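K.L.:
need a structure here:
(one chain, ligands or ions: 1)
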Amino acid sequence: MTIKNEVKENSRRSFLKSSLLIGGLAISNKKIFAASMDTQVGDFGFIVGPYLQTSFSNSISILWITSKEAASWVEFGVSPENLDQKAYGESSLGLKPAGRINCITLENLAPGKTYHYRIVSKELSDFQPYKVTYGQEIKSDIFSFINTDSSKDAVSFVMMNDIHDRPESIVHLLKIDQGKDRDFVFFNGDIFDYQTDEKQIVDHMLKPVTELFAKSTPFIYVRGNHETRGKFARGIADYFQNIGHAAFSLGPARFVIIDTGEDKEDTHPVYAGIVDFDHYREQQAKWLEQEIQRDEFKNAAFRIVLMHIPPRYSGNAHGPTHCTELFEPLLNQGKVDIVLSGHTHHYKVHAPAEGLNSYPIIIGGGSRDGQRTLTRVEIDQKQLKVQLLGDSGAEVGQYTVNRRKL
Ligand SMILES: [Fe+2]
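P.N.:
Numbers count the residues shown, from 1 in each chain. Next up is the predicted model:
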């Protein structure tokens, strides 16, 4: 560990001495480290997790990483005393998953219900063709989450972007929202500078989010241009339920998430001929064209788009201008209510502009002290309110959208 990283780690831990309430649960520092101690057996243990991700619709994914290959499952139920249900990862070609990185999705959950769960992994200590030998079985503590009722009246979330390998910013920014109950946390890209290995993903994102909130509140993540770089860029998706485009309905809102890809030409020497983002963005645009025709999109009280590179106002590089060319006409046609982005590192509220973007574009700041922001979004049946909070916690920008007239 470098001195720089030690400083980051120390500042993170000193903050964690206080407890944080997000997703309705208080998590104390003592509890966090006790849990990881209890579950380590020999050199087989949980590296990180459980952390929750979701696309709502009465399902939630529980993810974790073990230090060695294992058979894994989730035990869950509506009472902590009776975890009477068991879920496994999705089988492929008849084989249940057996590895280190786990993503197990619980489905058909009851709206608004609290579920209790723990993760279980059984080490595959010797894997012979006709004899598999198991090693230690380890279990986490029991945690809980509320399965969000997708038909609820009001929804809220916080967004972070452009963290750039500074995990202490995740801790700092979430402290601003301490004590608030959020439906999810959104990461709008560039959480890393470039992808190096698993340890970076674990130490700079998964550990802080798991310790702070993600055992009980899900997060959603879309890749920025920096996550496409580095020797491990092709490995990062394995650690998440999804880091690409997505759409889901929650309460009065339809959420549309676009993966905006890289910011330079595909032919730029730094990409060495092994990227294909023009084609990828064109595919995203085709998907968006279909999405804005869907009843769920058309009938939503509010249409919220989340994309790392904004559809305008982030310079003249190839990626941003391609985003304007491809996405702006569709976002105007779909009458979206707001776009939330990052990328420029300068927080800014752009009002709708005649003949250009017919919707406001809110850009969150990053990554340096004084520039980073927490974006708070609260939506009810009448209004969508966005607040940009600077790292002192003070409001540095805001925008309110009233529900459109039918
Ligand atoms: Fe960035």
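
K.L.:
residue boundaries of the helices in the stretch 1-150 of the chain?
P.N.:
3-16, 29-38 (DSSP state H, counting those that start in this stretch).

K.L.:
Please tell me I have it right and residue 360 contacts residue 353.
P.N.:
No. Contact criterion Cβ atoms under 8 Å: residue 360 and residue 353 do not qualify, at 9.4 Å. All C-beta atoms are positioned from the backbone trio N, CA, C, and that covers glycine.

K.L.:
Looking at these two, which is more packed in?
P.N.:
Taking neighbours as other Cβ atoms under 10 Å, residue 360 and residue 353 compare with residue 360 leading, 20 against 13.

K.L.:
Report the contact partners of the more buried one.
P.N.:
If you count contacts by Cβ atoms under 8 Å, 6 or more residues apart in numbering, residue 360 has them with 338, 339, 349, 350, 351, 352, 399, 401.

K.L.:
before we move on, which element is the residue nearest to residue 401 when sequence neighbours are not counted in?
P.N.:
Nearest residue to residue 401 in three dimensions, chain neighbours excluded: residue 384, at 4.4 Å (Cβ to Cβ, 6 or more residues apart in numbering). Using DSSP states H and E, the element containing residue 384 is strand 383-390.

K.L.:
what's next to that strand, contact-wise?
P.N.:
176, 253, 302, 304, 337-338, 340, 347, 349, 362, 364-365, 370, 372-379, 395-403.

K.L.:
number of nearby residues for the residue nearest to residue 401?
P.N.:
Applying other Cβ under 10 Å, I find that residue 384 has 23 neighbouring residues.

K.L.:
Quick check: beta-bridge partners of it?
P.N.:
Per DSSP bridges, the residues bridged to residue 384 are residue 379, residue 401.

K.L.:
Which pLDDT does the model give it?
P.N.:
For residue 384, the pLDDT comes out at 98.

K.L.:
what's the answer for residue 7, then?
P.N.:
pLDDT, read off for residue 7, is 32.

K.L.:
One more: residue 301?
P.N.:
97.

K.L.:
who in the stretch 51-200 of the chain is up against the ion?
P.N.:
Residues of the stretch 51-200 of the chain lying close to the ion (Cβ under 5 Å from the ion) are 162, 190.

K.L.:
In the chain, what residue lies closest to the ion?
P.N.:
The chain approaches the ion most closely through residue 190 (3.4 Å), counting by Cβ to the ion.

K.L.:
Let me see the contact set for that residue.
P.N.:
Contacts of residue 190 (Cβ under 8 Å, 6+ apart): 161-164, 224-227, 308, 342-343, 366-367.

K.L.:
Please report which of those has the highest neighbour count.
P.N.:
residue 342 (34 neighbours).

K.L.:
So that residue sits against residue 161, correct?
P.N.:
Yes. Assessed by Cβ under 8 Å, residue 342 is found in contact with residue 161 at 3.0 Å.

K.L.:
What's the local residue count around residue 59?
P.N.:
Count around residue 59 with other Cβ under 10 Å applied: 14.

K.L.:
swap that for residue 307, please
P.N.:
Other residues close to residue 307 by other Cβ under 10 Å number 27.

K.L.:
where does it land on pLDDT?
P.N.:
98.

K.L.:
which residue packs closest to it, ignoring adjacent ones?
P.N.:
residue 258 (4.1 Å).

K.L.:
how about that neighbour, phi and psi?
P.N.:
Note on residue 258: its backbone torsions stand at phi -120, psi 140 [degrees, to the nearest 10].

K.L.:
Surely it and residue 224 touch.
P.N.:
No. Between residue 258 and residue 224 there is no contact under Cβ under 8 Å: 11.5 Å.

K.L.:
list the contacts for residue 188?
P.N.:
Residue 188 neighbours (Cβ under 8 Å, 6+ apart): 159, 160, 161, 222, 224, 306, 307, 308, 340, 341, 342, 364.

K.L.:
Now render those residues as JSON lines, adding secondary structure.
P.N.:
Listed next are those as JSON lines, based on DSSP: H, G, I helix; E, B strand; the rest coil:
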{"residue": "159", "secondary structure": "strand"}
{"residue": "160", "secondary structure": "strand"}
{"residue": "161", "secondary structure": "coil"}
{"residue": "222", "secondary structure": "strand"}
{"residue": "224", "secondary structure": "coil"}
{"residue": "306", "secondary structure": "strand"}
{"residue": "307", "secondary structure": "strand"}
{"residue": "308", "secondary structure": "coil"}
{"residue": "340", "secondary structure": "strand"}
{"residue": "341", "secondary structure": "strand"}
{"residue": "342", "secondary structure": "coil"}
{"residue": "364", "secondary structure": "coil"}
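
K.L.:
Name the pair among those residues with the greatest separation in space.
P.N.:
Farthest apart among the contacts of residue 188 by Cβ to Cβ are 160 and 307. That separation is 14.8 Å.

K.L.:
quick one: the helices in the stretch 201-350 of the chain?
P.N.:
With DSSP H, counting those that start in this stretch as the criterion, the stretch 201-350 of the chain has helices spanning 207-209, 277-291, 295-298, 318-333.

K.L.:
How far off centre is the shortest one?
P.N.:
It refers to helix 207-209. 12 Å (Cα atoms, centre = their mean, to the nearest Å).

K.L.:
Contacts for that helix, please.
P.N.:
Here helix 207-209 has contacts from 12, 48, 51, 167, 170, 171, 185, 219, using Cβ under 8 Å, 6+ apart.

K.L.:
do stretch 221-231 as well
P.N.:
So stretch 221-231 is contacted by 53, 161-162, 164, 186-196, 233, 236, 240, 242-246, 257-263, 270, 275, 277, 306-309, 319, 342-343 (Cβ under 8 Å, 6+ apart).

K.L.:
starting at the chain centroid, how far to that stretch?
P.N.:
For stretch 221-231, the distance to the chain centre is 13 Å (Cα atoms, centre = their mean).

K.L.:
domains of the protein?
P.N.:
39-146, 155-402 (automatic domain parsing).

K.L.:
Return the most buried member of those.
P.N.:
domain 155-402 (a mean of 20; mean count of other Cβ atoms under 10 Å).

K.L.:
start to end distance for that domain?
P.N.:
Taking Cα to Cα, to the nearest Å, domain 155-402 runs 15 Å from one end to the other.

K.L.:
Centre of the chain to it, how far?
P.N.:
Using Cα atoms, centre = their mean, the distance between the centre of domain 155-402 and that of its chain works out at 9 Å.
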